[in-house]
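*Asks:* Sequence first, predicted coordinates after that:
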Amino acid sequence: MNTFKDRLVDACNKSTLIPEYGHGQQVTLAKLMSVSQEAVRKWMAGETRPRPNAVKKLAEILDVEYIWLNMGSDQEQISSYREVSKKQDASLYAFVSFVFEAGGTVAFNRDSNDTSDVTVINDGVIRKYSVYPAVSKTEKGQEFKLTAQSNGVVSVCACKYEDADVCYDFIEVPEAIAAEHAKKGRLYTINRK
């Protein structure tokens, strides 16, 4: 479904709120959207396209994902984006900034079989990283919950300084130590406060 009108028609045809084509489909949608039937006719004919706020309302009414209705991303792609976004936080973005500052490039990983957060290319070397924010702070230092990684993925702990808003040290955890902590479910501690 390459066009907005195709996705809109498909969503209307699958919706339980909207009658079948020829039985008041456009009129019903116009009432639910608080627009004229002519506006809906033009959307469904591909003559015009609604504004972004109207597309959001359409997505809610039709019970479909906004990004799919607006841009055509399929449901699997959307689920993939959601999973990636759940893993991302300020420490990961700070790490990406650090890589850029060092002259590297970054690609965020979306593959569900890949345990890394990002792939980094720097000086012709490609490495995959998982970046962990601190889950707690104790008198001993900052604690990190590491998870099992695919082969070759480097675990990095993002140690944040208390006296700075966006200042991190990125500490690589040796693969064997990261694997042991992940397997036993123990928190990994770094002596930085």
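*Replies:* Okay, I see it. The shown structure was predicted, so the numbers you read here are calculated from the model rather than taken from an experiment.

*Asks:* counting contacts, what elements does the helix or strand harbouring Thr28 pack onto?
*Replies:* If you go by DSSP states H and E, Thr28 is part of helix 25-33. The contact analysis (3 or more C-beta pairs under 8 Å, 6 or more residues apart in numbering; DSSP states H and E) places helix 25-33 against helix 37-45, helix 52-62. No exception for glycine: its C-beta is placed from N, CA and C like everyone else's.

*Asks:* Just put these in CSV and tack on distance to Ser116 and mean pLDDT.
*Replies:* Supplementary listing: the helices and strands packed on helix 25-33 in CSV, determined by distance: least, C-beta to C-beta, whole Å; pLDDT from 0 to 100:
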stretch, distance to Ser116, mean pLDDT
helix 37-45, 41, 94
helix 52-62, 31, 91
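
*Asks:* And Gln131, how close does it get to Val120?
*Replies:* For the record, residue 131 is Val, not Gln. 11 Å (C-beta to C-beta, to the nearest Å).

*Asks:* Between these two, which is the more surrounded one?
*Replies:* Val131 (24 against 21; other C-beta atoms under 10 Å).

*Asks:* Tell me what the more buried one is bridged to.
*Replies:* Per DSSP bridges, residues listed as beta-bridge partners of Val131: Val156.

*Asks:* Could you do Val120 as well?
*Replies:* According to DSSP bridges, beta-bridge pairing links Val120 with Val106, Arg127.

*Asks:* quick one: it and Phe108 touch, right?
*Replies:* No. Proximity of Val120 to Phe108 does not meet the contact threshold set by C-beta atoms under 8 Å, at 10.8 Å.

*Asks:* Hmm, Leu8 is touching Ile61, no?
*Replies:* No. In this structure Leu8 lies outside contact range of Ile61 using C-beta under 8 Å: 10.9 Å.

*Asks:* Backbone dihedrals for Ala158, please?
*Replies:* Here is the backbone geometry of Ala158 (degrees, to the nearest 10): phi -100, psi 100.

*Asks:* same question but for Phe100, I mixed them up
*Replies:* The phi/psi pair for Phe100 (degrees, to the nearest 10) is phi -60, psi -40.

*Asks:* helices and strands of the protein: which one bottoms out on pLDDT?
*Replies:* Every helix and strand of the chain was ranked by mean pLDDT, DSSP states H and E. The lowest is helix 75-87, at a mean of 57.

*Asks:* Settle it for me: which of Leu8 and Ile61 has more neighbours?
*Replies:* Between Leu8 and Ile61, counted using other C-beta under 10 Å, the more crowded position is Leu8 (24 against 17).

*Asks:* State the phi and psi torsions of the more buried one.
*Replies:* Dihedral angles for Leu8 - degrees, to the nearest 10 - are phi -60, psi -50.

*Asks:* how close does it get to Ser36?
*Replies:* 16 Å.

*Asks:* Poorly predicted segments of this protein, please.
*Replies:* 1, 73-88, 110-112, 164-166, 192-193 (pLDDT under 70).
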